[in-house]
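In: A structural model of the following input is requested.
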Amino acid sequence: MVKIDSPSSDTPNNIDPSFYYLNPVDTILRIHRNISSPLGFVYTGPRGRFDHHDGVSKRGIYYAVPIIRADDKEAISSCLIQIFSSIRVIKEDDLSRFNVAWVKVNRQLKLLDLRYLGALRAGTFSAISAVTDMSLTQEWSRYFYSKEDLYSR
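Out: Numbering: from 1, shown residues only. All right, here's what the predicted structure looks like:
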């Protein structure tokens, strides 16, 4: 078992983060509530795993998964886990409150890559994506966001 601590002044500054790039014409998949826009960022929170809201800044968060193939079951599975992992059972009436959107990217997006060795290169562990204590993952997200000199914009 890996113990993940909060980021601190001891967090290494000699890191070499990896980035994942989404390019124009790439498609991302998003499951969202009927009351929100498929393109809308959430500016209140924190609510989700990597929400970086700090209660002061106007920071938006957008959860979506890149589609690598046209029939990417992994993307659909990831979105379902993102939305329904806390309740663990999906009922038919739950599904009626959500929409699925396939969104085309219209400009290159540079994303911090926390998959596999990317997390180590960012100064943490890949297990950060499985931590159930969302206050810890949100703390890391705020850290990544605030350290533009290390992680860029």
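
In: Run through the helices of the protein in chain order.
Out: All helices of the chain, identified by DSSP state H, fall at 73-84, 92-95, 117-121, 134-146, 148-151.

In: Okay, now the unreliable bits of the protein?
Out: Regions of the chain meeting the criterion pLDDT under 70 cover residues 1, 11-13, 34-35, 68-95.

In: mind listing the strands for it?
Out: Ranges of strands within the chain are 19-22, 27-33, 65-66, 98-104, 109-112, based on DSSP state E.

In: nearest to residue 151, of these?
Out: strand 109-112 (5.6 Å; CB to CB). C-beta here means a position set from N, CA and C on the backbone, and glycine is covered the same way.

In: quick one: strands adjacent to that closest one?
Out: Paired neighbours of strand 109-112 in the sheet (DSSP bridges): strand 19-22 (antiparallel).

In: Surely residue 59 touches residue 50?
Out: No - the criterion here is CB atoms under 8 Å, and residue 59 misses it with residue 50 at 11.4 Å.

In: Pull the number of nearby residues for residue 140.
Out: 24 (other CB atoms under 10 Å).

In: Good, we can wrap up now.
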